[in-house]
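Student: A predicted structure for the sequence below; I have some questions about it.
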Amino acid sequence: MGQVPVYYYSSSSNLIRRFADRLRDTDGRPVLDLSRRDVRQSEPAGSWVLLTPSYKAGNDVHATLPGAVRAFLRSPAARRRLIGIIGSGNRNFGRFYQAAARELAVVSGRPVVFEFELAGTPEDVAACARVLNALDARFASAEPPQGRR
């Protein structure tokens, strides 16, 4: 059975990239960087999980999803095959902590499967890997769920 890939976006801080790299190093999970144009312009072949930061820091008019994530999600196939969302945030954002992941979950009808702060801890990586392994067992050979588009 295959592993569900994680598509991620990381800003210049590289906090998300470090977390994604540690997920890959844990069990060889495929992680794909949405800051790369070729990845953004591709379409997932099957079920996949999004790892995204939240940037909203107290202002309701600021966009929460990075542009690269929004661009990738313009593809109907990518939206249809999305099975879950992992969010990274900063607790200093208060009520906006994890805003991007939570808002996308509402819009897409897909669950937030894991949340962590900043670059996460080793314990966060291990816990997230367990969640992803459970998704592997459930979705790797199954058809993508039919949620809202």
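Tutor: Ah, there it is. Numbers count the residues shown, from 1 in each chain.
Student: neighbouring strands - and their directions - for the lengthiest strand in the chain?
Tutor: The longest strand of the chain (DSSP state E) is strand 82-89. Strand 82-89 has its sheet partners listed here by DSSP bridges as strand 48-53 (parallel), strand 112-117 (parallel).
Student: between those strands, which gets nearest to residue 100?
Tutor: Shortest distance between residue 100 and these, using CB to CB, is found for strand 48-53: 5.3 Å. C-beta: built from backbone N, CA, C; applies to glycine.
Student: other residues contacting the closest one?
Tutor: For strand 48-53, contacts defined as CB atoms under 8 Å, 6 or more residues apart in numbering pick out 4-11, 15-16, 19-20, 31, 65-66, 69, 78, 81-89, 100-101, 104, 113, 132, 135.
Student: repeat that for stretch 20-38.
Tutor: 3-10, 17, 39-40, 42, 51, 66, 68-69, 71-72, 120, 122, 125-126, 128-129, 132-133.
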